[in-house]
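K.L.:
coordinates for the following, if possible.
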Amino acid sequence: MLPTYTVEHEGSKLEIEIYPKEMMEELKTRIRTGNQKLNDAWEQLKEMDHNLQTWRDAFWEWHLANVKLSHYCDQLKNMGYEDCLYIENGKKTKSCLEGLSCRVCPSKKPYWEKELMDLPSQEK
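P.N.:
As a prediction, this is how the structure comes out:
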């Protein structure tokens, strides 16, 4: 069991696990998984009736999960990891512009800018 710290965000308390540096790979996996879960949840939120309290409650939980994931991403950056989470064997395996992309990203490199500039021109 990992030690935790508590953060307060707009009246809600979030427990954040503290990962030691030797667990960097596990933390990267948790962040990749969190990005995917948040994107999947967003797709479900889009389908709900936005006028209902259940949507507002679900949206708030989604927002808090984003905040929590951001704290995990900050831990990864503090460990010295400053690159894309989707690089394997020196090659990006997921585009920054693909679908909903990442909710949090530790990269200092603006991969999304290069990908955007590499898109085909719309000139006629």
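K.L.:
how about the helices of this structure, start to end?
P.N.:
In chain order, the chain shows helices spanning 24-47, 53-78, 111-117, with DSSP state H as the criterion.
K.L.:
now do the buried residues in the shortest one.
P.N.:
Along helix 111-117, these residues count as buried under the neighbour rule (16 or more other CB atoms under 10 Å): 111-112. The way it works is simple: take the backbone N, C-alpha and C, and place the C-beta from them, glycine included.
K.L.:
got the CA positions of that helix in CSV?
P.N.:
The C-alpha coordinates for helix 111-117 follow below in CSV (Å, rounded to 0.1, in the frame of the first residue of the first chain):
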residue,chain,number,x,y,z
TYR,A,111,4.4,16.9,-30.2
TRP,A,112,0.9,18.1,-31.0
GLU,A,113,2.3,21.2,-32.7
LYS,A,114,4.4,19.1,-35.1
GLU,A,115,1.5,16.8,-35.8
LEU,A,116,-0.8,19.7,-36.5
MET,A,117,1.8,21.3,-38.9
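K.L.:
quick one: list the elements packing against it.
P.N.:
Contact partners of helix 111-117 among helices and strands, from 3 or more CB pairs under 8 Å, 6 or more residues apart in numbering; DSSP states H and E: none.
K.L.:
what about it, average pLDDT?
P.N.:
Helix 111-117 shows an average pLDDT of 90 in the prediction.
K.L.:
who touches it?
P.N.:
With CB atoms under 8 Å, 6 or more residues apart in numbering as the contact definition, helix 111-117 has outside contacts at 84, 92, 95-97, 101.
K.L.:
are any of those buried, and if so which?
P.N.:
The neighbour-count test (16+ other CB under 10 Å) marks 84, 96 as buried among those.
K.L.:
among the contacts of helix 111-117, which lie within strands?
P.N.:
With strands defined by DSSP state E, the entries of the contacts of helix 111-117 inside them are residue 92.
K.L.:
of the contacts of helix 111-117, closest to residue 32?
P.N.:
Nearest to residue 32, judged by CB to CB, of these is residue 84 at 10.4 Å.
K.L.:
got the contact list for the closest one?
P.N.:
So residue 84 contacts 92, 96, 105, 107, 109, 111 (CB under 8 Å, 6+ apart).
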